[in-house]
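Asks: Got a predicted structure here, sequence first:
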Amino acid sequence: MDSYDFKDLESKWQTQWDTSGLASCDINSSKTNFYNLCMYPYPSGDLHMGHIRNYTIGDVITRYKQKKGFNVMSPMGWDSFGLPAENAAIKTGIHPKKFTEERIANMKEQIKRLGSLYDWDREVAAHDKDYYKWTQFLFIKLFENDLAYKEDAPVNWCTSCKTVLANEQVIEGCCERCDADVEQKNLNQWFFKISEYSEELLKGLDEIGDWPSNVKAMQENWIGKSQGAEFSLNILDTELKFSVFTTRLDTLYGMTFAVLAPEHIVIDKILDISPNSDEIKEYIRNSKLKSEFERMSISKKKTGIDTGLFVSNPINGEKLPLWVADYVLVNYGTGAIMAVPGHDERDYEFAKVYNLKILQVIIDENHSINIDDKPFTDRGILINSGEYNNLKSHEESSVEILKHLTMNGIGEKKTTFRLRDWLISRQRYWGCPIPVINCSKCGLVAESLDRLPVLLPEIDDYKNSKDSPLAKSKDFVNTSCPNCGTESKRETDTMDTFVDSSWYFLRFLDSNNINLPFDKEIINDWLPINQYIGGVEHAILHLLYSRFFVKALRDIGMLDVSEPFHNLFSQGMINFGGTKMSKSKGNVVDPESYFATHGADALRLYILFMAPPSDGVEWNDGGIEGTKRFLNKVWDNFEKLSLLEIKNQHEEDLEIIRKINQSIYSITKHLDKFEFNTAVSDLMKINIELTNFLGNSTAISQETKEYITFNICTLLYPFAPHISSEIYYLNTNQNIADFTWPEFDEANLTNPTFELVVQINGKKKHTIIIDTGTTKEEAEKICEIEFQIEKKNYKKIIFVEDKIINFIG
RNA sequence: GCCCGGGUGGCGGAAUUGGUAGACGCGACGGACUUAAAAUCCGUUAUUCGAAAGGAUGUGGGGGUUCGAGUCCCCCCCCGGGCACCA
């Protein structure tokens, strides 16, 4: 039996918070702003434990910061464009809009049932025309500022979703969404120039607030800065030349051949003159048949084809063969390399396959290393390198050789990045239409702003085949050029849904603005977001794209901040049966049933208590029983407390007052450090103290009673807001939400006594309870009296006040 | 291979940052209440020797620093996550 009726009580308080507008944020308040944001969800229809964890953490922060006197902004909305609704439409014929909005309604109910505070007046949904109108507006701004462009490029094509994907959405050669193979296709597609911001995106990571180190590391890896040099190679007996990029200029004397990627543009010209043209064509055809994953897999034996042509090594004029091989990637560096098999594992492997010359130009200090079995990639000194012999490898010699190349106009210092431009076109229906018109006279023209939004057309069949589904609507496709009025055709692709989520946090701040996506002053006032909370799965995609978006909008002049998210917190995943919960595995634990059986407060407490919030954790059904029991005990304790007689003096109450004071100190500290599991444990401890106090008391002073009630209810409030509100109201007729967070009394943190540990030669021998602040001399005396430890028998005595005494002998 | 995290009872996890390892919770065992069960309450619960008092061992393994190490330093092993033919 439960001590209290959590169902009625929770719904009562949720209504109270709703009607009193506890979550609504007045952006003009005189208090200090605190923008606390949980990542808005894709409306899958059902809340899962990951959402619960995310939104519980977010709400703890919201309520805590409100009590700390901040003007807290905590909005919520929907990442509501995307494939599931469209796939459902293909299957069942239900319109994606209807499908999506039903799920939003359902999910919103569940979120409310958790009791989290959200300013629903600011709610946005990516699929809403009043939202995507502004997504299109921002696209046009990027287009006008040369940050969006359309280009023919080799792109990733998911064979199952039948759409192109961004590099970030390809995991080990497969589609991150459906796991199907991803092919390379040459298509004309829209890109955002994120690569223009590579350096700034990298640097920003050092200037940003508190982010998990792994997320920073993942972004660093993804941006992949690499510093080196670029120089050109002439193809002998021709006018042709091409550039290569290297980070190991120090190994230039060890270059024994050069390699072009099969897609390298110079190959077209080589085909006219190479004695092996047919073989090269055949090789290129074959490597195009391979999937990206196949080509990239390291285990595969390297292949290539000799062009029969030669290049000359710019440092010594040596004549070296030119090969084509698909272990060289066209879209990294220059798509061509100088091959140094003696000091590069990949080149070594390739040289072994085709019996190419391997030359050692670096040796270790002891001159003992040779390259008979494997290349030498470590540091050492140069040999066989002309005037550079005996220089240190890597930096020193690279600098010297670079000087030579630069002076002779052959090469220059160069930094490359792994990050490539963001491919945003999707050949799908349920997304934001790209607001561009293809005019036969004017070329690609942005839709005029007064004709926005470009509405998604109604179509009968959502399947995409060769073209995007939008191409099926003649009314949609055929339009006039906003420039010259000529009959023209619209773009039929929609945008990657990550475009929608790259700016939703801006719209929240000004969601009802009908003239602009947002007001610049409001954004400057509220950004960066003080605390952003979400899953680590967005470490690269969403977080990198959003950072880019804010920087781009800054350069366009729409806002004045450089980073959207100051502090980031990534909560760990909740697993069940050893793996990630998922419908396909049938191991989903449904949060909704716990609302009915245990209540929102118990679920919130358990999800916080089960592990440090950044750790992954296994769902355990028994655990939630524990937090439920705890809440029942708190309830019972306050019933007992209310029955105590009131007396005047309160000397007996000093201990419980001190314990509560210690809890204020400890819980505040844990909250500031996101240590919610230990904060909940502190709440359990103080309740045990209260139980003990009540067991020994028949009467209490009014003052103590109020102190206990106010502080325990306040400390509990961010974690279990319903029950704490109810208890406080029953005892005082007041709303706990109206009061500020308690300050602890610095002077009343230490206990009057403590347990002294008595060690002999570092081993614990006794413990004894003595007064706090006991001096070394007094402690020695106590040890002599109590344990017959005589000071004179020991060489040295270590004493740490209020902790330990150690006799060394 | 490279980059981030981690490794503490049967389980989830604590440990004031160098000072009693195992808080808090789950589970288990014993007891009370009950005709009985559930719920609740009380107790025990790192391992090991011992009837007990008490002793020994113990934070992945091995070394080191220190009066004292889960915590600091060096070497190694294992697990989770990310990236990976990036020149």
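Replies: Done, it's in.
Asks: Need phi/psi at the nearest residue to A:Ile760 once chain neighbours are set aside.
Replies: Among residues not flanking A:Ile760 along the chain, A:Phe807 sits closest, at 4.9 Å (CB to CB, 6 or more residues apart in numbering). C-beta coordinates here come from the backbone N, C-alpha and C atoms, glycine included. Dihedral angles of A:Phe807 (phi, psi; degrees, to the nearest 10) stand at phi -90, psi 120.
Asks: Quick check, A:Phe807 in contact with A:Asn761.
Replies: Yes - contact status for A:Phe807 versus A:Asn761: in contact at 7.3 Å, counting by CB atoms under 8 Å.
Asks: Compare the two (neighbour count), which wins?
Replies: A:Phe807 (23 against 10; other CB atoms under 10 Å).
Asks: In the sheet, which residues pair with that one? Tell me.
Replies: Going by DSSP bridges, A:Phe807 is paired in beta bridges with A:Ile760, A:Ile797.
Asks: Can you give me every residue that contacts it?
Replies: A:Val758, A:Gln759, A:Ile760, A:Asn761, A:Cys783, A:Ile789, A:Lys791, A:Asn793, A:Tyr794, A:Ile797 (CB atoms under 8 Å, 6 or more residues apart in numbering).
Asks: Please report how far A:Phe754 lies from RNA strand B.
Replies: Separation of A:Phe754 from RNA strand B (CB to the nearest atom of the strand, to the nearest Å): 7 Å.
Asks: And A:Lys795, by the same measure?
Replies: Using CB to the nearest atom of the strand, A:Lys795 is found at 9 Å from RNA strand B.
Asks: With A:Leu289 instead?
Replies: Separation of A:Leu289 from RNA strand B (CB to the nearest atom of the strand): 14 Å.
Asks: go on, A:Val60?
Replies: Distance, A:Val60 to RNA strand B, using CB to the nearest atom of the strand: 16 Å.
Asks: I'd say A:Ala591 and A:Ala600 touch.
Replies: You called it Ala, but residue A:591 is Pro. No - with contact defined as CB under 8 Å, A:Pro591 and A:Ala600 do not form a contacting pair (9.3 Å).
Asks: still on that earlier bit, which members of the contacts of A:Phe807 are classed as buried?
Replies: Buried members of the contacts of A:Phe807, counted by 16 or more other CB atoms under 10 Å: A:Val758, A:Ile760, A:Cys783, A:Ile789, A:Ile797.
Asks: so can I have CSV of the residues you listed showing distance to RNA strand B?
Replies: Compiled in CSV, the buried ones among the contacts of A:Phe807 are given as follows (distance: CB to the nearest atom of the strand, whole Å):
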residue, distance to RNA strand B
A:Val758, 9
A:Ile760, 9
A:Cys783, 14
A:Ile789, 13
A:Ile797, 9
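Asks: Tabulate these (JSON lines), appending pLDDT.
Replies: Shown next, in JSON lines, are those (pLDDT from 0 to 100):
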{"residue": "A:Val758", "pLDDT": "91"}
{"residue": "A:Ile760", "pLDDT": "88"}
{"residue": "A:Cys783", "pLDDT": "91"}
{"residue": "A:Ile789", "pLDDT": "87"}
{"residue": "A:Ile797", "pLDDT": "91"}
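Asks: Return the member of the residues you listed nearest to A:Ala229.
Replies: Taking CB to CB as the measure, A:Ala229 sits nearest to A:Ile797 out of the buried ones among the contacts of A:Phe807, at 65.5 Å.
Asks: dump the residue contacts of the closest one.
Replies: Going by CB under 8 Å, 6+ apart, A:Ile797 touches A:Lys776, A:Glu780, A:Lys791, A:Ile805, A:Asn806, A:Phe807, A:Ile808.
Asks: Make sure the fifth one is actually in contact with A:Ile798.
Replies: Okay, so that is A:Asn806. Yes - if you go by CB under 8 Å, A:Asn806 and A:Ile798 touch, sitting 4.1 Å apart.
Asks: And these two? Which one has more around it.
Replies: A:Asn806 (20 against 12).
Asks: The closest residue to A:Cys481 other than its chain neighbours: neighbour count?
Replies: Using CB to CB, 6+ apart and skipping residues adjacent in sequence, the residue nearest A:Cys481 is A:Cys439, 3.8 Å away. Here the number of neighbours of A:Cys439 (other CB under 10 Å) works out to 20.
Asks: and if you look at the one 4 residues further on?
Replies: Other residues near A:Gly443 number 11, with proximity taken as other CB under 10 Å.
Asks: Tell me how far it lies from A:Thr486.
Replies: Distance of A:Gly443 to A:Thr486, computed by CB to CB, to the nearest Å: 11 Å.
Asks: Also A:Thr303?
Replies: 50 Å.
Asks: now do A:Lys685
Replies: 76 Å.
Asks: what does A:Ile712 give?
Replies: Remark: distance between A:Ile712 and A:Thr486 (CB to CB) = 74 Å.
Asks: and what of A:Lys792?
Replies: Distance, A:Lys792 to A:Thr486, by CB to CB: 108 Å.
Asks: More neighbours: the two, which one.
Replies: The neighbour comparison of A:Lys792 against A:Thr486 (other CB under 10 Å) goes to A:Thr486, with 13 against 6.
Asks: wait, what's in contact with that one?
Replies: Neighbouring residues of A:Thr486 by CB under 8 Å, 6+ apart: A:Cys439, A:Ser440, A:Lys441, A:Cys442, A:Ser480.
Asks: ok, 7 Å please
Replies: The contact partners of A:Thr486, by CB atoms under 7 Å, 6 or more residues apart in numbering, come to A:Cys439, A:Ser440, A:Lys441, A:Ser480.
Asks: Most neighbours out of the residues you listed, which is it?
Replies: The contacts of A:Thr486, ranked by neighbours (other CB under 10 Å): first place A:Cys439, 20 neighbours.
Asks: Report how many residues lie close to the closest residue to RNA strand B within the stretch 201-350 of chain A.
Replies: Per CB to the nearest atom of the strand, A:Asn214 is where the stretch 201-350 of chain A lies closest to RNA strand B, at 2.9 Å. Counted by other CB under 10 Å, the residues lying close to A:Asn214 total 12.
Asks: Which helix or strand contains it?
Replies: Assigned by DSSP states H and E, A:Asn214 falls within helix A:213-223.
Asks: how about the helices in the stretch 351-500 of chain A?
Replies: A:395-407, A:474-477, A:497-500 (DSSP state H, counting those that start in this stretch).
Asks: thinking again about what came up before, looking at A:Pro591 and A:Ala600, which has the bigger crowd around it?
Replies: Just comparing A:Pro591 and A:Ala600: by other CB under 10 Å the higher neighbour count belongs to A:Ala600, 27 against 21.
Asks: where are the low-confidence patches of chain A?
Replies: Residues of chain A meeting the criterion pLDDT under 70: A:1, A:154, A:168, A:171-174, A:176-178, A:290-300, A:464-466, A:577-587.
Asks: what's the next secondary structure element after the top helix by length along it?
Replies: Identified as the longest helix of chain A according to DSSP state H is helix A:621-643. Helices and strands here follow DSSP H and E; after helix A:621-643, the next one along the chain is strand A:645-647.
Asks: how about the helix or strand following that next one against RNA strand B, any contact?
Replies: Following strand A:645-647 in sequence order, the next helix or strand is helix A:654-672 (DSSP H and E). No - Helix A:654-672 lies apart from RNA strand B when judged by CB under 7 Å from any atom of the strand; the minimum separation is 7.7 Å.
Asks: Helix A:654-672: which residues count as buried?
Replies: Buried residues in helix A:654-672, counted by 16+ other CB under 10 Å: A:656-668, A:670-671.
Asks: helices and strands around that helix, which ones?
Replies: Other helices and strands packing on helix A:654-672, by 3 or more CB pairs under 7 Å, 6 or more residues apart in numbering; DSSP states H and E, are helix A:676-696, helix A:702-716.
Asks: I'd like those helices laid out as JSON lines, including mean neighbour count and distance to RNA strand B.
Replies: Below are those laid out as JSON lines (neighbours: other CB atoms under 10 Å; distance: least, CB to the nearest atom of the strand, whole Å):
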{"stretch": "helix A:676-696", "mean neighbour count": "18", "distance to RNA strand B": "4"}
{"stretch": "helix A:702-716", "mean neighbour count": "19", "distance to RNA strand B": "13"}
